[in-house]
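Peer 1: Pasting a predicted model and its sequence here:
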Amino acid sequence: MSLVSLSLPERAMRLLDEARWFANAGAGVLLALILLTYDRADPGWSNSGPPREIHNAGGRVGAWLADLLLYLFGASTWIHRPYSSSRSGGKLLFLTRPANPDSRLT
């Protein structure tokens, strides 16, 4: 069955699923970038002081978010990124329509 024969709401739902996957992938890359460029000297949740140069790629918000996440969850913050990416990637694999509509995976 081709995409043309899909009803509009079903096609719209598939497009929304794909858009959500791309948004999750982008958020995962941004989170990894923010965590990779974390610097203890940046102002954040556990460190304040006079304004100075921020070394985090996410700017002031990225420095604050990285500091907060690492303060609350420690190194397990890194578990979130592969977990969310694998869930989104697995979801993308099942976006194709099954041959038998009754054998749909949930």
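Peer 2: That came through fine.

Peer 1: Show me which residues of the helix or strand containing Asp17 are buried.
Peer 2: Using DSSP states H and E, Asp17 maps to helix 8-36. Using 16 or more other CB atoms under 10 Å as the test for burial, helix 8-36 gives Trp21, Asn24, Gly28, Leu31, Ile34, Leu35. C-beta here means a position set from N, CA and C on the backbone, and glycine is covered the same way.

Peer 1: Are there helices or strands packed against it, and which ones?
Peer 2: Packing contacts for helix 8-36, counted by 3 or more CB pairs under 8 Å, 6 or more residues apart in numbering; DSSP states H and E, involve helix 59-73, helix 77-93.

Peer 1: which stretch in those has the least confidence?
Peer 2: Here the lowest mean pLDDT among these goes to helix 77-93, at a mean of 61.

Peer 1: one step back: turn the buried residues of helix 8-36 into CSV, columns for pLDDT.
Peer 2: As requested, these are exported to CSV (pLDDT from 0 to 100):
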residue, pLDDT
Trp21, 84
Asn24, 83
Gly28, 84
Leu31, 88
Ile34, 93
Leu35, 92
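
Peer 1: Check the residues you listed and tell me the two furthest apart.
Peer 2: Trp21 and Leu35 (21.2 Å; CB to CB).

Peer 1: hmm, back to that, of the buried residues of helix 8-36, closest to Trp64?
Peer 2: Ile34 (9.7 Å).

Peer 1: right, and that closest one touches Leu65 too?
Peer 2: Yes. Between Ile34 and Leu65 there is a contact under CB atoms under 8 Å: 6.0 Å.
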